[in-house]
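Novice: Please work out how this folds:
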Amino acid sequence: MPFARALMFSSASVKFREGNISLVQGASRGIGLEFVTQLLEKSKGNVVATCRKPNEAAGLLDLKNKFAERLDIHRLDLTVDSTIEEVAKSVKDKYGYLNLLINASGILSMPDILRPETTLSKVNREALLIAYEVNAVGPLLVTKHMWPLLKAGGGTGTERDFAMVASISARVGSIGDNHLGGWHSYRSSKAALNQLMKTVSVEFARKKDPIVCILLHPGTVDTDLSKPFQKNVPKDKLFTKEVSVRKLLSIINSAKSSDNGKFFAWDGQEIPW
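Specialist: Modelled structure (predicted):
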């Protein structure tokens with residue numbers, strides 16, 4: 001059944017009803033920046049891009065020069081709630097709604113602090129908490145604050161009757177698919193993200209909100225995040241960010257209301273929890 005429409009703002013506050021509005025958090029580089037690029041190049045809608053240090057985000061600033069009227073750039077730090085709230089207010093004031101939220105942020109390693117653990121003996125509290133905060137807690141809080149905007153947007157400006165939340169997870173976050181062990185912080189933080197977003201999807205459905213929530217595995221992508229760990233990846237399994245994002249956008253664009261709460265790989269196949 002199609003989702004019921006939910007209008008949370010007056011018509012006077014909605015200024016851009018003729019086009020879809022997308023928000024990409026974690027947009028300064030890698031997959032996030034590529035999402036912003038392809039959304040701007042392949043659609044006519046507006047994009048809100050967020051990152052911790054906008055003034056240092058050269059890729060976003062270049063896109064702003066090309067798409068001045070369609071790209072907004074805001075500071076959003078997943079560890080600072082007030083920055084999430086400020087972005088939500090800015091989107092509400094300018095557009096009044098959202099059609100698509102992409103949670104693209106992720107952390108795998110940090111010099112001298114966080115590195116994928118090959119054994120239990122290398123696990124430490126600080127690394128675990130950093131991974132959880134960035135990979136799971138932050139995306140959940142962004143979804144929480146964008147929720148009213150997604151409800152207001154539904155499918156406005158698109159060919160469907162619901163808005164979407166697409167969060168970048170990872171196959172290693174699957175408990176059912178874990179046959180190698182290791183990578184405790186990254187695996188468990190992505191498993192936490194999966195559980196949190198699955199729980200959100202259940203609430204959206206129960207309340208009949210016009211929002212579909214999915215999780216996506218992008219494959220192993222040639223980005224700064226994966227570069228230190230590409231040694232044993234076959235060449236045909238290492239994707240460019242352009243190819244990966246093109247495949248993920250295809251999944252997002254073809255999603256149905258019945259896909260709410262599902263976890264998909266880049267090739268459209270469902271991944272076990």
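Novice: How far does stretch 77-95 sit from its chain's centre?
Specialist: Centroid separation between stretch 77-95 and its chain, computed with C-alpha atoms, centre = their mean, to the nearest Å, is 15 Å.
Novice: Tabulate the CA atom coordinates of that stretch in PDB.
Specialist: Extracted in PDB, the C-alpha atoms of stretch 77-95 (Å, rounded to 0.1, in the frame of the first residue of the first chain):
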ATOM      1  CA  ASP A  77      29.800  17.600  12.800                       C
ATOM      2  CA  LEU A  78      28.200  14.300  13.800                       C
ATOM      3  CA  THR A  79      29.600  14.600  17.300                       C
ATOM      4  CA  VAL A  80      28.000  18.100  17.900                       C
ATOM      5  CA  ASP A  81      24.200  17.900  18.100                       C
ATOM      6  CA  SER A  82      23.800  21.700  17.600                       C
ATOM      7  CA  THR A  83      25.300  21.600  14.100                       C
ATOM      8  CA  ILE A  84      22.800  18.900  13.100                       C
ATOM      9  CA  GLU A  85      19.900  21.000  14.400                       C
ATOM     10  CA  GLU A  86      21.200  24.100  12.600                       C
ATOM     11  CA  VAL A  87      21.300  22.300   9.300                       C
ATOM     12  CA  ALA A  88      17.700  21.000   9.800                       C
ATOM     13  CA  LYS A  89      16.600  24.600  10.500                       C
ATOM     14  CA  SER A  90      18.400  25.900   7.500                       C
ATOM     15  CA  VAL A  91      16.700  23.300   5.200                       C
ATOM     16  CA  LYS A  92      13.300  24.000   6.700                       C
ATOM     17  CA  ASP A  93      13.700  27.800   6.300                       C
ATOM     18  CA  LYS A  94      14.900  27.600   2.700                       C
ATOM     19  CA  TYR A  95      13.000  24.600   1.300                       C
END
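Novice: now it: mean pLDDT?
Specialist: Mean pLDDT, stretch 77-95: 97.
Novice: what residue ranges in the chain score low on pLDDT?
Specialist: The model of the chain has pLDDT under 70 over residues 1-18, 109-114, 157, 222-238.
Novice: can you do 80?
Specialist: Low-confidence segments of the chain (pLDDT under 80): 1-19, 109-114, 155-159, 221-239.
Novice: Name the residue closest to the centre of it, please.
Specialist: By C-alpha atoms, centre = their mean, the chain has its centre lying nearest to Asn103, at 1.7 Å.
Novice: Can you verify my assumption that that residue contacts Val142?
Specialist: Yes - counting by C-beta atoms under 8 Å, Asn103 touches Val142, with 6.2 Å between them. All C-beta atoms are positioned from the backbone trio N, CA, C, and that covers glycine.
Novice: Spit out the residues that contact these two alike.
Specialist: Gln25 (C-beta atoms under 8 Å, 6 or more residues apart in numbering).
Novice: hmm, who's touching stretch 41-48?
Specialist: 16, 19-24, 36, 39-40, 67, 70-74, 87, 90-91, 95, 98-99, 157, 249.
Novice: in that stretch, what's buried?
Specialist: Ser43, Gly45, Asn46, Val47, Val48 (16 or more other C-beta atoms under 10 Å).
Novice: next one: stretch 242-260
Specialist: By neighbour count with 16+ other C-beta under 10 Å, stretch 242-260 contains the buried residues Val243, Ser244, Val245, Lys247, Leu248, Leu249, Ile251, Ile252, Ala255, Asp259, Asn260.
Novice: What strand or helix carries the first one?
Specialist: Pointing back at Val243 there. In this assignment (DSSP states H and E), Val243 forms part of helix 241-254.
Novice: How far does the helix or strand just after that helix sit from its chain's centre?
Specialist: Tracing the chain past helix 241-254, the next element assigned as helix or strand by DSSP H and E is strand 263-265. With C-alpha atoms, centre = their mean as the basis, strand 263-265 stands 13 Å off its chain's centre.
Novice: who are the neighbours of strand 263-265, in terms of helices and strands?
Specialist: Strand 263-265 sits against strand 211-217, with contacts defined as 3 or more C-beta pairs under 8 Å, 6 or more residues apart in numbering; DSSP states H and E.
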